[in-house]
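J.: From the sequence below, what's the structure:
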Amino acid sequence: MKKTYTVTGMTCNGCKVSVEEALNKLAEVSSATAYLETSRVSIEMKKHLSIEKLQKALSTKYTISETKEEAEKKSELQQLFPLFLIFGYIIVTSVLLNYKLWHTDSFMLDFMGLFYIVFSFFKLLDLKGFPQSFRMYDPLAKVMPIYSWLYPFIEVALGIMFLMRIEIQWALIITLVILGITTIGVTKTLLNKNAIQCACLGTALKLPMTKATFIENSIMIVMALIMLIKN
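T.: All right, here's what the predicted structure looks like:
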């Protein structure tokens, strides 16, 4: 594996050589190349090494740390952990509800029902704050503010329809419409690289708008399409 780190304290070619020699002495390091201009070092490792071990190999003159990009990536993953955890719970619960008499259609209906019920719960925790965040990226909510207030209740209704098997075809069509509109807004936000909060779990959990939001909506859209085609 190859990783890049920031190294402060390198001021000349002698420093560059010292850093390279110190890191290359580590048994787990295949090769280490320092770059004086960017204050970075690229390390090819046989296995992952902690920052602490890399720092111990260097003189106290130098400080090695993760690059800003790597730190931001880790921070983003940590922020998205609640979303992944909730998604995992929904998948496991849907499987447990259907594992005895497995039927894929039933699994997908339960998944979509639980998805709406759980996600609407978090939106309803802060019904005053959710509309403002939702209007930041949803095209329909931008032109019809009342829609952002109604959206959590629409999710509750759809969740009940899927779980109780009520008017499934209409529930699927509404799912395609509302999530399709939201996904357009999410896509535009990601393409424009706008740093805004995702309202998928309301405002109780501060989640950044990322590709995970796009994937989450896409899964629901694909499931709805499959069910509509089958019916």
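
J.: any weak-confidence spans in this structure?
T.: Low-confidence segments of the chain (pLDDT under 70): 68-77, 79, 194-197, 201-212.

J.: tell me the domain boundaries of it?
T.: Taking automatic domain parsing as the reference, the chain has its domains at 2-66, 76-230.

J.: So which of the ones you listed is the most surrounded?
T.: domain 76-230 (a mean of 17; mean count of other Cβ atoms under 10 Å). The C-beta positions use only the backbone N, C-alpha and C, and glycine is treated the same way.

J.: next one: that one to chain centre, how far?
T.: 14 Å (Cα atoms, centre = their mean, to the nearest Å).

J.: doesn't residue 215 make contact with residue 183?
T.: No. With contact defined as Cβ atoms under 8 Å, residue 183 does not count as touching residue 215 (10.1 Å).

J.: Please list all residues in contact with the nearest residue to residue 218 once chain neighbours are set aside.
T.: Of all residues not flanking residue 218 in the chain, residue 183 sits nearest, at 6.8 Å (Cβ to Cβ, 6 or more residues apart in numbering). Listed by Cβ atoms under 8 Å, 6 or more residues apart in numbering, the contact partners of residue 183 are 214, 217-218, 221.

J.: If we use 10 Å, what do you get?
T.: Counting by Cβ atoms under 10 Å, 6 or more residues apart in numbering, residue 183 makes contact with 138, 213-214, 216-218, 220-221.

J.: okay if I get those as TSV plus distance to residue 101?
T.: As requested, those are exported to TSV (distance: Cβ to Cβ, whole Å):
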residue	distance to residue 101
138	38
213	33
214	33
216	28
217	29
218	28
220	24
221	27
